[in-house]
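sequence and predicted structure are below.
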Amino acid sequence: MLRHLRVAAAVSGLALLAGCGDRPPGHTDIFGRLLEAGPAAQTMKRARATSPGADPYRAAYYKYSMEHAEYEFNVMEHYRSAVYHAENAMAAAGGAAPEPAPIASRKLPADKVEELTSARNRLVAALNAGGATRNPDAAGKAVARFNCWMEQQEENFQPRDIAYCKNQFFEALALIEPAAAAAPETITIAADVLFDFDKAVIKPAFFPTLDRVADLLVKNTNLRVEVAGHTDTAGPAAYNQRLSERRARAVAEYLERKGVSRDRMTVRGYGETRLAVPTPDNTREPRNRRVEVRQR
């Protein structure tokens with residue numbers, strides 16, 4: 001009798017532990033995982049026995065989706081994610097077109113939605129421009145890794161797994177995007193257009209222009225640039241220096257959110273020390289108020 005009481009107490013303790021704490025989206029408690037393990041094992045068995053088919057793009061998507069399904073099933077024991085990737089693999093093997101997961105299909109952290117939306121738009125554009133024909137293996141990998149990036153970003157508690165999926169996605173995407181147009185030596189943007197007076201917050205109306213700058217830099221992955229803020233001579237020099245630095249940082253942070261690696265950018269503020277148009281002190285000159293993105 002005492003033994004039965006101890007077993008019951010242990011089970012009750014597990015139940016209490018399983019119910020404590022916040023769980024990442026898509027995760028369940030220990031009992032839920034036990035219930036999911038059997039059906040997931042059957043799905044994995046079917047997926048492993050599925051032929052990837054002859055189409056190289058769908059076969060690549062099958063291969064890379066199954067890689068992540070096996071990782072989730074065997075290493076992480078996260079059965080819902082394993083089933084998700086395995087079912088995607090089987091669908092592609094059966095003739096369905098591989099699809100990057102819609103942004104709305106996941107409960108993403110608010111600060112990651114813009115980055116993932118931009119990445120998905122680039123992927124769709126590359127596929128529509130013939131990326132799957134140019135490099136079917138990279139195209140299948142790009143879609144599979146985007147989907148695992150979405151899944152990991154929704155969970156948002158395993159930085160290494162997020163980085164793995166994200167980095168492999170961008171590496172594969174670079175192989176299927178059309179050849180980039182040559183980037184100009186210097187892109188000059190009028191600060192009066194980018195920012196309100198005396199501010200360093202980018203106006204939403206100017207987002208499309210910065211998106212085009214980001215697109216050039218993302219496609220020309222060998223380029224390193226300096227993002228430089230400049231002011232005119234109106235006002236105190238020390239204040240102008242700080243304002244130019246804030247504006248340069250704002251532009252660099254926007255480009256980073258659009259996929260330009262921060263380690264490719266040097267960010268500097270020059271204040272009123274490098275005037276495009278020489279003027280006396282305390283002179284308002286719009287041509288001097290600018291942000292430049294220039295190759296270095």
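Happy to help now that I have it. Bear in mind the structure is a predicted one, so any value in this text is a computation, not a measurement.

which residues sit in contact with L173?
Contacts for L173 (Cβ atoms under 8 Å, 6 or more residues apart in numbering) come out as 119, 122-123, 126, 138, 142. C-betas here are computed from N, CA, C, even on glycine.

check which helix or strand covers M90.
In the assignment (DSSP states H and E), M90 maps to helix 79-93.

which helices and strands sit right next to that helix?
Under the contact criterion of 3 or more Cβ pairs under 8 Å, 6 or more residues apart in numbering; DSSP states H and E, helix 79-93 touches helix 30-49, helix 56-70, helix 136-155.

ok, residues contacting the next helix or strand after that helix?
Sequence-wise, the next helix or strand downstream of helix 79-93 (DSSP H and E) is helix 113-128. With contact meaning Cβ under 8 Å, 6+ apart, helix 113-128 is reached by 100, 103, 108, 139, 142-143, 146, 149-150, 153, 169-170, 173, 176-178, 211, 215, 218, 257-259.

relative to helix 136-155, how tilted is helix 113-128?
Relative orientation of helix 113-128 versus helix 136-155 (axes from the mean of the first three to the mean of the last three Cα atoms, to 10 degrees): 160 degrees.

and the angle from helix 113-128 to helix 56-70?
Using the same axes, to 10 degrees: helix 113-128 against helix 56-70 is 150 degrees.

what packs against the very next helix or strand once past helix 113-128?
Per DSSP H and E, the first helix or strand lying C-terminal to helix 113-128 is helix 131-134. Applying 3+ Cβ pairs under 8 Å, 6+ apart, one finds that helix 131-134 contacts helix 136-155, helix 159-176.

what mean pLDDT does helix 131-134 get?
If you average the pLDDT over helix 131-134, you get 94.

quick one on the thing from earlier: quick one: which of the contacts of L173 is nearest to E253?
Ranked by distance to E253 (Cβ to Cβ), these are led by A119 at 16.8 Å.

how close does that closest one sit to E72?
21 Å (Cβ to Cβ, to the nearest Å).

for the helix holding M90, the distance to its chain's centre please.
In terms of Cα atoms, centre = their mean, to the nearest Å, the centre of helix 79-93 is set 22 Å apart from its chain centre.

again, but for stretch 137-150
Counting by Cα atoms, centre = their mean, stretch 137-150 comes out at 12 Å from the chain centroid.
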